[in-house]
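>>> got a predicted structure here, sequence first:
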Amino acid sequence: MKTLLTIFNNLQLSYTALFKFMVSNVWKMIVWTFCIYLAPTYELIGLTVFLLCADLITGIWKSLKTGVPVTAAKIGLSVEKMIAYTFGVVCTYAVQHGITNDAIKVMLFYSGIVSLKELKSIIENIEIITGTSIWGVLSKQIGNLMPGKKLDKEDKETKDETK
């Protein structure tokens, strides 16, 4: 009988210690579960944050070049945009994984739209900083690659000069 009471007492102490351990570490389990669930979003969140930081840097550079003051409110909007876009990636992943069962790549579509928007903003900032039309130069270069395109006078002159 004494042996049975000892075993029961030890089990009771073990369960109490296990319960205390679980309660004290429940927040860690929740955070790790959340991180593991969101593991497929890390690359796209990283890309989005990288493009937003590049846009912020080129925007500040453009403001300094044009003489427009850089204010905390404008930087705060960029931080809000960073948080909103990251939350958007997480939400679209939840929709993609939960509703469409990964059949429709909603997260990639959303990230593509956000990335193109930020890339366009970065290019516009660089155009103002450098004073060159990047879109114009790009379209001209792509147009020159097209077969059967008639050359402009400027194109003929540069082509003759290179020969």
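Perfect, thanks for sending it.
>>> please save the CA atoms from stretch 94-102 in PDB.
What follows is stretch 94-102, C-alpha atoms only, in PDB (Å, rounded to 0.1, in the frame of the first residue of the first chain):
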ATOM      1  CA  ALA A  94      -4.100  32.500 -44.900                       C
ATOM      2  CA  VAL A  95      -6.700  32.800 -47.800                       C
ATOM      3  CA  GLN A  96      -4.500  30.800 -50.100                       C
ATOM      4  CA  HIS A  97      -3.800  28.100 -47.600                       C
ATOM      5  CA  GLY A  98      -7.100  28.000 -45.800                       C
ATOM      6  CA  ILE A  99      -9.700  28.700 -48.500                       C
ATOM      7  CA  THR A 100      -8.200  27.700 -51.900                       C
ATOM      8  CA  ASN A 101      -6.000  24.900 -50.400                       C
ATOM      9  CA  ASP A 102      -3.000  26.300 -52.300                       C
END
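>>> how far off centre is that stretch?
Centroid displacement of stretch 94-102 relative to its chain, using Cα atoms, centre = their mean, to the nearest Å, is 19 Å.
>>> next one: stretch 10-30
Counting by Cα atoms, centre = their mean, stretch 10-30 comes out at 38 Å from the chain centroid.
>>> and that stretch, what's buried?
Within stretch 10-30, no residue counts as buried by 16 or more other Cβ atoms under 10 Å. Placement of C-beta: from N, CA and C, glycine included.
>>> put the alpha carbons of that stretch into CSV.
Taking C-alpha atoms only, stretch 10-30 is exported to CSV below (Å, rounded to 0.1, in the frame of the first residue of the first chain):
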residue,chain,number,x,y,z
ASN,A,10,5.3,11.0,-7.6
LEU,A,11,2.8,11.1,-10.5
GLN,A,12,0.9,13.9,-8.9
LEU,A,13,4.2,15.9,-8.5
SER,A,14,5.2,15.1,-12.1
TYR,A,15,1.9,16.3,-13.5
THR,A,16,2.1,19.4,-11.4
ALA,A,17,5.6,20.2,-12.7
LEU,A,18,4.5,19.4,-16.3
PHE,A,19,1.5,21.7,-16.0
LYS,A,20,3.6,24.5,-14.6
PHE,A,21,6.1,24.1,-17.4
MET,A,22,3.3,24.1,-20.0
VAL,A,23,1.7,27.2,-18.6
SER,A,24,4.9,29.1,-18.3
ASN,A,25,5.9,28.3,-21.9
VAL,A,26,2.5,28.5,-23.6
TRP,A,27,3.4,31.8,-25.2
LYS,A,28,6.5,30.3,-26.7
MET,A,29,4.5,27.5,-28.1
ILE,A,30,2.0,29.9,-29.6
